[in-house]
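Colleague: sequence and predicted structure are below.
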Amino acid sequence: MTRKVHCRALIVGVAVSLTIAGCGGSSETPSTGGNGLEKTTIKVGALPIPDPVSLYIANAKGFFKEEGLTVEPVTVTGGAAAIPMVKSGQLDISQNNYVSAFLAASKGEKIKLVADMYQAGPNAYNIMVAKNSPIKTVADLKGKKVLVNNLRNIATLAVTTQLKVAGLTENDVSFAEKPFPDMGQALDNGEADAAFITEPFITANQSTRGFRKIADTMTGQMEDLPIAGWMATDDWARKNPKTLAAFQRAIAKAQNVASTDRKEIEKLLPTYTKIDAKTASVITLGTFPSALSASRLQKVADLMLEYKYLDSPIDVKSVIAAPSNG
């Protein structure tokens, strides 16, 4: 049982607009290495936000090393970029939000979720406006432009659920893409009216720009929503079962650390994000589950169907890779 480290962090999410293409995974022929692993060195994509902190915990505490595995983190911007990178072999495994993953799977992409990463908590994903904005409520967003990091991903879905509560639909606003680090300046410049923002940018924009929250998107239907996990191609997972199992065991250990020891998170955030030590000590965090749960993830797929992100239902069990043994 994981414990929640309550927070205002994350989101990060990411849209997928992909062409259905070949089988994916690394084009290199794997060679058996230490501990019988098919690959002893792998490249893993991660966003520079709190969600994937377990990757860095596992490296820092030697969990990967204990498994005979060397993991090289690679910074990615989100699922839209990560899926082509794992398909081409540039990455072996990558962070991806579940909305983007299920959208990709619905389009025929042969991907597998291999480990859980992050689940929402209160104020983890907020709709925010500039200090002097006349916008006070979600209802005031009618006819306005809202920034998200990617279109048709967890950000747009989360905002749309809040629009519904306010009696609006996604057609009542216009969404525009902007990387999280650039949203603050964009709102101050008048390029948009509101933004879907995650940590550390929630805290940063509140403290330096005076931004105001008009809604916590992870309420109602979205409460405790699973946000992101680790993904590989089906081809890579089948060709590298021992390497995958090693990764899964190490990440599970690191997730347990993240869920019980906030100080470890605070120590590592400044090493791979733009979060300084002071900010790391005050941001709030969601939950770090240690195992994938099909029943929890099905909630994401069902919401996507309700809001017409999917044309037909998805059984998420078909997208989840088998857990490691031992």
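Modeller: Happy to help now that I have it. Residues are numbered from 1 along each chain as shown.
Colleague: for the rest of this, base every contact and every neighbour count on C-alpha atoms.
Modeller: OK.
Colleague: now stretch 170-185 - C-alpha only, PDB.
Modeller: Output of stretch 170-185 as PDB, limited to C-alpha atoms (Å, rounded to 0.1, in the frame of the first residue of the first chain):
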ATOM      1  CA  GLU A 170     -14.400  22.100 -24.800                       C
ATOM      2  CA  ASN A 171     -15.800  23.900 -27.700                       C
ATOM      3  CA  ASP A 172     -16.500  27.000 -25.600                       C
ATOM      4  CA  VAL A 173     -12.700  27.600 -25.200                       C
ATOM      5  CA  SER A 174      -9.700  27.400 -27.500                       C
ATOM      6  CA  PHE A 175      -6.700  25.400 -26.500                       C
ATOM      7  CA  ALA A 176      -3.200  26.300 -27.500                       C
ATOM      8  CA  GLU A 177       0.100  24.500 -26.900                       C
ATOM      9  CA  LYS A 178       2.900  26.000 -24.800                       C
ATOM     10  CA  PRO A 179       5.600  24.300 -22.800                       C
ATOM     11  CA  PHE A 180       5.100  24.500 -19.000                       C
ATOM     12  CA  PRO A 181       8.200  26.700 -18.400                       C
ATOM     13  CA  ASP A 182       6.900  29.300 -21.000                       C
ATOM     14  CA  MET A 183       3.300  29.600 -19.800                       C
ATOM     15  CA  GLY A 184       4.000  32.300 -17.200                       C
ATOM     16  CA  GLN A 185       5.500  34.700 -19.600                       C
END
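Colleague: looking at that stretch now, give me its mean pLDDT.
Modeller: If you average the pLDDT over stretch 170-185, you get 94.
Colleague: tell me which residues of it are tucked away?
Modeller: Taking 16 or more other C-alpha atoms under 10 Å as the basis for neighbour counts, the residues of stretch 170-185 that come out buried are 170, 172-173, 175-176, 178, 180-181, 183-184.
Colleague: over to stretch 285-301?
Modeller: Within stretch 285-301, the residues that count as buried by 16+ other C-alpha under 10 Å are 285-292, 297-301.
Colleague: now, those residues that are in helices?
Modeller: Among the buried residues of stretch 285-301, the members found in helices (DSSP state H) are 297-301.
Colleague: in the protein, where is pLDDT below threshold?
Modeller: Under the criterion of pLDDT under 70, the regions of the chain flagged as low confidence span 1-34, 79-80, 323-326.
Colleague: re earlier: can you redo the buried residues of stretch 285-301 as CSV with distance to residue 247?
Modeller: Output for the buried residues of stretch 285-301, formatted as CSV (distance: C-alpha to C-alpha, whole Å):
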residue, distance to residue 247
285, 23
286, 22
287, 20
288, 16
289, 15
290, 13
291, 13
292, 14
297, 21
298, 24
299, 26
300, 24
301, 25
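Colleague: for the residue nearest to residue 192 when sequence neighbours are not counted, give me its contacts.
Modeller: Using C-alpha to C-alpha, 6 or more residues apart in numbering and skipping the chain neighbours, the partner closest in space to residue 192 is residue 145 (5.1 Å). If a contact means C-alpha atoms under 8 Å, 6 or more residues apart in numbering, then residue 145 has 173-176, 192-194 as its contacts.
Colleague: so where do the helices sit in the stretch 201-326 of the chain?
Modeller: 201-209, 234-239, 241-260, 262-272, 277-280, 294-306 (DSSP state H, counting those that start in this stretch).
Colleague: CA atoms only for the first one, dumped as CSV, please.
Modeller: This file holds the C-alpha atoms of helix 201-209, laid out as CSV (Å, rounded to 0.1, in the frame of the first residue of the first chain):
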residue,chain,number,x,y,z
PHE,A,201,5.4,26.0,-12.2
ILE,A,202,2.4,26.5,-9.9
THR,A,203,4.6,27.6,-7.0
ALA,A,204,6.9,29.6,-9.2
ASN,A,205,4.2,31.5,-11.0
GLN,A,206,2.4,32.2,-7.7
SER,A,207,5.5,33.5,-6.0
THR,A,208,7.1,35.5,-8.8
ARG,A,209,4.1,36.6,-10.9
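Colleague: on that earlier part again, so which of the helices of the stretch 201-326 of the chain comes closest to residue 71?
Modeller: Distances from residue 71 to each of the helices of the stretch 201-326 of the chain were compared by C-alpha to C-alpha, and the smallest falls on helix 241-260, at 8.8 Å.
Colleague: of the contacts of residue 145, which belong to strands?
Modeller: The members of the contacts of residue 145 that map onto strands under DSSP state E are 174-176, 194.
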